[in-house]
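> with the input below, show me the fold.
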Amino acid sequence: MKIIAIVGFGFCGKLAFANIVKSLNKKDKILIFDKAQGDFKSAAFSPFSPHYILNVPVANMSAFSDDAVYEESFEIFLKNNYSEIWKSSGKFGFVARQIYGEYLEEIVQKAQENAKKNGVNFEFVNQEVMAISDEFLITTKNNIQFQATEVLLATSFKQVQLPFEIESKKFIKALWNEDALEFHQKILTNETICLIGSGLTTVDVIVGLKKKNFSGKIIIISRRGNLPKKHLIKSSEKSSYFIDAEDAKKGVLFLCLKIRNFLKSNSQFDLRNIINSIRSTTDKLWHNLDEKNKKLFFRLMPYWNIFRHRAPISSIELIEEMIAAGQIEIVEGGVKKCQKLGDKISVQTKFAEFEVDYLVNCLGFEFNARKYPLLNQMIELGLLQQDFMMVRSNNDKVHLLGGLNIGRDFECTAVPDLRVNVEMVIRDVVGSS
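Residues are numbered from 1 along each chain as shown. Sure, this is the predicted structure:
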């Protein structure tokens, strides 16, 4: 009998479960481990605020890549459950993250029904996994043990933590944790709020505040002072495939030079067009870079992310209006010192110092595998191998899902990439039953 353990029940864990139950043998069993419970599973799609919207259009957000399961697509879910929103957004619109969370929960519910109907045995364990032995004995935080024969690691990324601590409820150090729920849902009016980081998380927070009629001041502290670019209204195909695998073999500097020369000669395009044109082949380009050039590109990732991980046009235009009106100020550089001053928080950078009502961590993902206790334990045991971005499996019975494969595949954090990765892994796992 095969006992498949899914460790983590965010987006990839849910998709893994839904895909497994479609073809797993009745004699086998699925164990699902996740420390979160209730509404706080899949934090990126939890009901923190109805004003946080997806940064990928509806048409690209189906949980499955196969047209045969179109009836389970996000488009159909919207038509059936939010017809008015569907009419206003259409397939190229952007809708609330919490609606997508409901869509995922519906998929899980259907998967459970299918599992019971088909006699597939499964068990949910609402506990954090602390250790996995080389014989796949799984130990939870409460020191309860479960035996598995195969492990699917679907643990989610966590935020980079700020290098200081402030004893204040107004210091939001982990934005997507349950502890931050009050900040997300509170009606803030004329406060001064400092956001550290300027990526998509910052866009979410600003749009959420403005939708609640926030009229105060927002200070963004960012090392480079760059916000994400907005989606193109329409993308030209004329720039398609002018970069290929052979170009990647020549290195990152060659690629940058080729792109720059193309853009100089084709002013109607910008880097977003280039990224769109290579979207389906990014993994092949990545695989053709040697280790030296992968590390070099990793240093350039903040610039790539600005153009690659874009925000809805309406969100960026709203932020641009707030900047023009003086409601948003962007301060370049890092934070040198923070301290609590009564009911305020003092924030000091290299060139500025100011007092704020709230200090919010909006930094991105933590890519140091040693910061994740379970991954660290599995590295020490030899089940995983640390690479320069995250980890790789050292055992053919340990499978990494989604973003954990960033060192191998690079482009594996958006839904269109994640669903393909999950489906490929599940075919291998179930096919070997």
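
> would you map the helices across the stretch 151-300 of the chain?
Along the stretch 151-300 of the chain, the stretches classed as helices by DSSP state H, counting those that start in this stretch are 181-185, 200-211, 245-249, 252-265, 271-277, 282-287, 291-308.

> next, Val324: phi, psi?
Quick fix: residue 324 reads Ala, not Val. Dihedral angles of Ala324 (phi, psi; degrees, to the nearest 10) stand at phi -60, psi -30.

> in three-state terms, label Leu359 for me.
strand (DSSP: H, G, I helix; E, B strand; the rest coil).

> burial of it, as a residue count?
For Leu359, the count of nearby residues is 26 (other C-beta atoms under 10 Å). To be clear about C-beta, it is placed using only N, CA and C from the backbone, and glycine gets the same treatment.

> please apply the same query to Asn261.
10.

> make TSV out of the helices of the stretch 151-300 of the chain and add mean pLDDT and distance to Asn376.
Formatted as TSV, these follow (pLDDT from 0 to 100; distance: least, C-beta to C-beta, whole Å):
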stretch	mean pLDDT	distance to Asn376
helix 181-185	90	29
helix 200-211	94	25
helix 245-249	90	32
helix 252-265	92	30
helix 271-277	86	33
helix 282-287	88	25
helix 291-308	88	20
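
> skipping adjacent residues, who's closest to Ala414 in space?
Val56 (6.2 Å; C-beta to C-beta, 6 or more residues apart in numbering).

> burial of that neighbour, as a residue count?
Close neighbours of Val56, defined as other C-beta under 10 Å, add up to 18.

> I'd say it and Pro416 touch.
Yes. Assessed by C-beta atoms under 8 Å, Val56 is found in contact with Pro416 at 7.5 Å.

> grab the longest helix from the protein for me.
helix 97-118 (DSSP state H).

> show me which residues of it are buried.
By neighbour count with 16 or more other C-beta atoms under 10 Å, helix 97-118 contains the buried residues 97-101, 103-104, 107-108, 111-112, 115.

> helix or strand for Phe17, just tell me which one.
Phe17 belongs to helix 11-20 when assigned by DSSP states H and E.

> now do that helix against helix 97-118, angle only.
Counting by axes from the mean of the first three to the mean of the last three C-alpha atoms, to 10 degrees, helix 11-20 lies at 30 degrees to helix 97-118.

> my guess is Asn361 meets Ala174, correct?
Yes. In this structure, Asn361 is within contact of Ala174 by C-beta under 8 Å, at 6.7 Å.

> so what sits against both of the two?
159, 161 (C-beta atoms under 8 Å, 6 or more residues apart in numbering).

> any low-confidence regions in this structure?
Residue ranges of the chain with pLDDT under 70: 37-43, 67-68, 234-241, 432-433.

> contact partners for the residue nearest to Phe77 when sequence neighbours are not counted?
Excluding its sequence neighbours, the residue lying closest to Phe77 (C-beta to C-beta, 6+ apart) is Tyr103, at 4.6 Å. By C-beta under 8 Å, 6+ apart, the contact set of Tyr103 is 63, 74, 77.

> based on its surroundings, how many neighbours for the second one?
The reference is to Phe74. With other C-beta under 10 Å as criterion, Phe74 counts 25.

> what's the distance between Lys210 and Val151?
Counting by C-beta to C-beta, to the nearest Å, the gap from Lys210 to Val151 is 43 Å.

> more neighbours: which of the two?
Between Lys210 and Val151, counted using other C-beta under 10 Å, Val151 has the larger neighbour count: 26 against 19.

> quick check: Ile259 touching Ile274?
Yes. When contacts are counted by C-beta under 8 Å, Ile259 is listed as touching Ile274 (5.7 Å).

> common neighbours of the two, please.
Ile243.

> spit out the contact partners of the nearest residue to Gly225 once chain neighbours are set aside.
Spatial nearest neighbour of Gly225, excluding adjacent residues (C-beta to C-beta, 6+ apart): Glu332 at 4.1 Å. Applying C-beta under 8 Å, 6+ apart, we find Glu332 in contact with 222-225.

> can you give me the end-to-end distance of stretch 125-142?
Terminal residues of stretch 125-142 lie 11 Å apart, using C-alpha to C-alpha, to the nearest Å.

> buried stuff in that stretch?
Neighbour counts using 16+ other C-beta under 10 Å place 125, 127-129, 131-132, 136, 138-140 of stretch 125-142 among the buried residues.

> from the chain's centroid, how far away is stretch 119-133?
23 Å (C-alpha atoms, centre = their mean, to the nearest Å).

> let me see the ranges of the helices in the stretch 1-150 of the chain.
11-20, 74-81, 83-89, 97-118.

> let me fix that, I meant to ask about the stretch 301-433 of the chain.
Taking DSSP H, counting those that start in this stretch, the helices of the stretch 301-433 of the chain run over residues 313-324, 373-381, 406-409, 415-431.

> quick revisit: just the C-alpha atoms of the longest helix of the chain, please, in PDB.
Output of helix 97-118 as PDB, limited to C-alpha atoms (Å, rounded to 0.1, in the frame of the first residue of the first chain):
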ATOM      1  CA  ARG A  97      -8.200  37.200  -4.000                       C
ATOM      2  CA  GLN A  98     -10.700  36.000  -1.500                       C
ATOM      3  CA  ILE A  99     -13.100  34.900  -4.300                       C
ATOM      4  CA  TYR A 100     -10.300  32.800  -5.700                       C
ATOM      5  CA  GLY A 101      -9.900  31.300  -2.200                       C
ATOM      6  CA  GLU A 102     -13.500  30.200  -2.300                       C
ATOM      7  CA  TYR A 103     -12.900  28.600  -5.700                       C
ATOM      8  CA  LEU A 104     -10.000  26.600  -4.300                       C
ATOM      9  CA  GLU A 105     -12.100  25.500  -1.400                       C
ATOM     10  CA  GLU A 106     -14.800  24.300  -3.800                       C
ATOM     11  CA  ILE A 107     -12.200  22.300  -5.600                       C
ATOM     12  CA  VAL A 108     -11.100  20.700  -2.400                       C
ATOM     13  CA  GLN A 109     -14.700  19.900  -1.400                       C
ATOM     14  CA  LYS A 110     -15.300  18.300  -4.800                       C
ATOM     15  CA  ALA A 111     -12.100  16.300  -4.400                       C
ATOM     16  CA  GLN A 112     -13.200  15.000  -1.000                       C
ATOM     17  CA  GLU A 113     -16.600  14.000  -2.400                       C
ATOM     18  CA  ASN A 114     -14.900  12.200  -5.300                       C
ATOM     19  CA  ALA A 115     -12.500  10.500  -2.900                       C
ATOM     20  CA  LYS A 116     -15.300   9.200  -0.700                       C
ATOM     21  CA  LYS A 117     -17.300   8.100  -3.800                       C
ATOM     22  CA  ASN A 118     -14.300   6.200  -5.200                       C
END
